[in-house]
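Chemist: Sequence first, predicted model second:
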Protein chains: 2
Amino acid sequence: MLSNASKYAIRTVLFLAKNSSPKKKIGARHIADSLEVPQQFIAKILQKLVKANIISSAKGPGGGFYTNTKNLKGNLLDVLSVIEKNDIFSECFLGLPVCGDENPCPVHDIVSVFKEALLERFQNKSIKTIADEMERDGTLITLKNII
Amino acid sequence: MLSNASKYAIRTVLFLAKNSSPKKKIGARHIADSLEVPQQFIAKILQKLVKANIISSAKGPGGGFYTNTKNLKGNLLDVLSVIEKNDIFSECFLGLPVCGDENPCPVHDIVSVFKEALLERFQNKSIKTIADEMERDGTLITLKNII
DNA sequence: GTAATAAAAGACCAATTAATCTTTTATTAA
DNA sequence: TTAATAAAAGATTAATTGGTCTTTTATTAC
């Protein structure tokens, strides 16, 4: 459903939301180590996220990646749309071109409930809200809690 | 989440369950046309399904693919396990290696409800049952209802 | 047996995704 | 102004998935 790139992107954004700030920037290497993902690959993803204004960055010594208050108001649906080319919320689980409420596939009922719940979370909750709820609910994007 | 190969495989098996029998075999070309998928590709998938005893086949004139009563007792989980290399029911939606009830990711709650519902349908219902429910519920695996 | 039919098998090619390597640019601090 | 640092950019390679082509084998009907 999601490419590795999208999975890494979502985890990265939440990692920065939880651990960074304009005063606490984090380097690509550190992010890669913390999330246990390939460093060079995550660097490319970080570039895209910066270009799309989803996260922020600074070059040079003391530089790195971080989220500012504006970034934190974004949502995870935007993260997906930057990385993923197809909209996962519109494609049929069994690949039916016509699948929808009028022409449902044999798992349309189950899948659409799931998609609605996920879309609600990805669209209507800010990155900040999700990061806060991670604290509250004890959910994780890595076990390696560095910093 | 599912590869094209798996999507085609599931649709093919259900197509045969609905339209074929030991007395009514269907050729690869006809299946490809009906489901609107690449013929040569589906031929490869059909081979695997036959080898795994999920569907049946006969060579020569009047030959083709079909499901017999034994085939119809199988389930869609077996179809997946023949085609897909990773178990979609065990991997984390966000790619967390440790994700589970003890170490949930931020969407684990939503995703596990979905997976349970899907697994129940794929594991506990026979192919025959799903095909029957398709009639009852009016769900589809193609709009092109040939035959 | 021969011709036609259709699946099986194996090799092959194309496209996408994943990942890496190298060079450039911007920033900082000495 | 130089050295160090770290992101940006671009090119390249590797792996996986998707798809096609060609040959072989089995079956049927004549």
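Modeler: Arrived safely.
Chemist: From now on I want contacts and neighbour counts done on CA atoms only, so please keep to that.
Modeler: Will do.
Chemist: neighbouring contacts of the helix or strand harbouring residue A:133?
Modeler: Here residue A:133, judged by DSSP states H and E, is contained in helix A:127-137. With contact meaning C-alpha atoms under 8 Å, 6 or more residues apart in numbering or on different chains, helix A:127-137 is reached by A:13-14, A:17-18, A:71-76, A:139-140, B:106.
Chemist: Filter those down to the buried ones, ChimeraX style.
Modeler: Buried residues within the contacts of helix A:127-137, by 16 or more other C-alpha atoms under 10 Å in any protein chain shown, are selected in ChimeraX with:
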select /A:13,14,17,18,71,72,74,75,76,139,140 /B:106
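Chemist: Which of the contacts of helix A:127-137 fall in helices?
Modeler: Among the contacts of helix A:127-137, DSSP state H puts A:13-14, A:17-18, A:71-72, A:76 in helices.
Chemist: picking up where we left off before, tabulate the contacts of helix A:127-137 (a markdown table), appending distance to DNA strand D.
Modeler: A markdown table is the format used below for those (distance: C-alpha to the nearest atom of the strand, whole Å):
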| residue | distance to DNA strand D |
| --- | --- |
| A:13 | 13 |
| A:14 | 16 |
| A:17 | 15 |
| A:18 | 16 |
| A:71 | 14 |
| A:72 | 17 |
| A:73 | 19 |
| A:74 | 18 |
| A:75 | 20 |
| A:76 | 19 |
| A:139 | 26 |
| A:140 | 22 |
| B:106 | 24 |
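Chemist: DNA strand D contacts on chain A?
Modeler: Residues of chain A lying close to DNA strand D (C-alpha under 7 Å from any atom of the strand) are A:26-29, A:43-44, A:46-47, A:50-51, A:57-65.
Chemist: re the thing from before, among the ones in helices among the contacts of helix A:127-137, which pair sits farthest apart?
Modeler: With distances taken as C-alpha to C-alpha, the most widely separated pair in the ones in helices among the contacts of helix A:127-137 is A:18 and A:76, at 14.3 Å.
Chemist: tell me which element residue A:57 falls in.
Modeler: Using DSSP H and E, residue A:57 falls in strand A:56-58.
Chemist: And that strand, what does it pack against?
Modeler: On a contact count with 3 or more C-alpha pairs under 8 Å, 6 or more residues apart in numbering or on different chains; DSSP states H and E, strand A:56-58 meets strand A:64-66.
Chemist: How about the strand it packs on and DNA strand C, any contact?
Modeler: No - under the criterion of C-alpha under 7 Å from any atom of the strand, strand A:64-66 makes no contact with DNA strand C; the nearest approach is 10.3 Å.
Chemist: Okay, buried residues for that strand please.
Modeler: Neighbour count says strand A:64-66 has A:64-66 buried, by 16+ other C-alpha under 10 Å.
Chemist: any chance of those in TSV, plus pLDDT?
Modeler: What follows is these, written out as TSV (pLDDT from 0 to 100):
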residue	pLDDT
A:64	98
A:65	98
A:66	98
